[in-house]
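1. Provided below for reference: sequence and predicted model.
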Amino acid sequence: MDFRPESEFHNHTLTITVASRDGRPFLDGPAYRALAAELRDAAADEETKVVILRGLSGCFCLGGDFSEFLDKTRHRDLIAAVTDMFRILATFPKPLLGCVDGDAVGVGCTILFHCDLVVASPKSTFRVPFVDFGLVPDAATSILAPEKLGYTDAFRFFCLGETLSAEEAHGLKLVSHLATEVDAEQQALALARTLAKKPAKALVQTKGLLRGDEHVLCDRIDREISLFHNALQDEVTLKRLARIARMAA
């Protein structure tokens, strides 16, 4: 799997690679902090009109780093980093696009619910196995998923832990564009170019009106994080996570 630069800037579009700093397809504490910082800077930068979140070649993101879940001494810093990143996503004012090529798992999938458009290659898959791990959804998806997918499909997705194909995710509106004629990144960049040509102030205002009350999302993020943190104090949950981590090794 080729590691690409953390971010690239062309034609008023910032493209950020969602990955750990050492090139793994996971989000760990430093990656959460780096992503939050880049989004915060992009929000303030007048030259940046659109942001694209992409993954590594052939894999979008496989979720959080289990080693941090299993180390209680790292929980406080991790929770702070995760909360900050989710709040930045929930309040990000400019067009945000997701570009998925491969697997999007756990937080690698829930961050897509904050994207205004999501482009996916046909081979992409989407899964949120939080309940199987003894955890709850994150990133305010307990609000965003029922709104986007409908309650029943959101329940199936999160509680049954079903894996969605790109076509299924497109049918449920999690994915807005299936990249069948060109690769996903090319299509995402084409959409970004179209958006970047539009009046920036009108785009920001329209996104804000469509999104609704961001304070509700931030309050839900705090509630989810609290439940998530409590679950990580449970020895049964930690043993389950350790077993899953060994199986994945």
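-> Ah, there it is.
2. elements contacting the lowest-mean-pLDDT helix or strand in the chain?
-> The weakest-scoring helix or strand in the chain, judged by mean pLDDT, DSSP states H and E, is helix 235-248 (a mean of 86). For helix 235-248, the packing partners by 3 or more Cβ pairs under 8 Å, 6 or more residues apart in numbering; DSSP states H and E come out as helix 66-70, helix 130-133. Placement of C-beta: from N, CA and C, glycine included.
3. looking at these, which has the lowest confidence?
-> Comparing mean pLDDT across those, the weakest is helix 66-70, with a mean of 89.
4. ok, and what's touching that helix?
-> 28, 29, 74, 75, 78, 232, 238, 241, 242, 244, 245, 248 (Cβ atoms under 8 Å, 6 or more residues apart in numbering).
5. next one: that helix to chain centre, how far?
-> 19 Å (Cα atoms, centre = their mean, to the nearest Å).
6. what comes up buried for it?
-> 66, 68, 69 (16 or more other Cβ atoms under 10 Å).
7. okay, that helix in CSV with CA atoms only?
-> Extracted C-alpha coordinates of helix 66-70, given in CSV (Å, rounded to 0.1, in the frame of the first residue of the first chain):
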residue,chain,number,x,y,z
PHE,A,66,-6.8,-0.7,19.1
SER,A,67,-3.5,-0.3,21.0
GLU,A,68,-4.8,3.0,22.3
PHE,A,69,-8.1,1.5,23.3
LEU,A,70,-6.3,-1.2,25.3
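8. Other residues contacting the next helix or strand along the chain from that helix?
-> Toward the C-terminus, helix 66-70 is succeeded by helix 75-91 as the next helix or strand (DSSP states H and E). With contacts defined as Cβ under 8 Å, 6+ apart, helix 75-91 is touched by 29, 32-33, 35-36, 39-40, 43, 68-69, 96, 107, 111, 114, 138-140, 214, 217-218, 221-222, 225, 228-229, 232.
9. Inside helices: which ones of those residues?
-> The helices in this structure, assigned by DSSP state H, contain 29, 32-33, 35-36, 39-40, 43, 68-69, 107, 214, 217-218, 221-222, 225, 228-229 from those.
10. From those residues, list the buried ones, please.
-> Buried members of these, counted by 16+ other Cβ under 10 Å: 29, 32-33, 35-36, 39, 68-69, 107, 217-218, 221, 225, 228.
11. Which of those residues sits closest to residue 23?
-> Distance to residue 23, by Cβ to Cβ, is smallest for residue 35 among these, at 14.9 Å.
12. Skipping adjacent residues, who's closest to the closest one in space?
-> Take residue 35 and drop its neighbours on the chain: the residue closest to it by Cβ to Cβ, 6 or more residues apart in numbering is residue 85, 5.5 Å away.
13. Now do the one you found against residue 42, distance only.
-> To residue 42, residue 85 is 13 Å away according to Cβ to Cβ, to the nearest Å.
14. Can you list the low-confidence ranges for the protein?
-> Applying pLDDT under 70 to the chain picks out residues 1-5, 248-249.
15. and the angle from the least confident helix or strand of the chain to helix 214-231?
-> Orientation check (axes from the mean of the first three to the mean of the last three Cα atoms, to 10 degrees): helix 235-248 against helix 214-231 gives 90 degrees.
16. quick one: buried residues of helix 235-248?
-> Result for helix 235-248 [16+ other Cβ under 10 Å]: buried residues 237, 238, 240, 241, 244.
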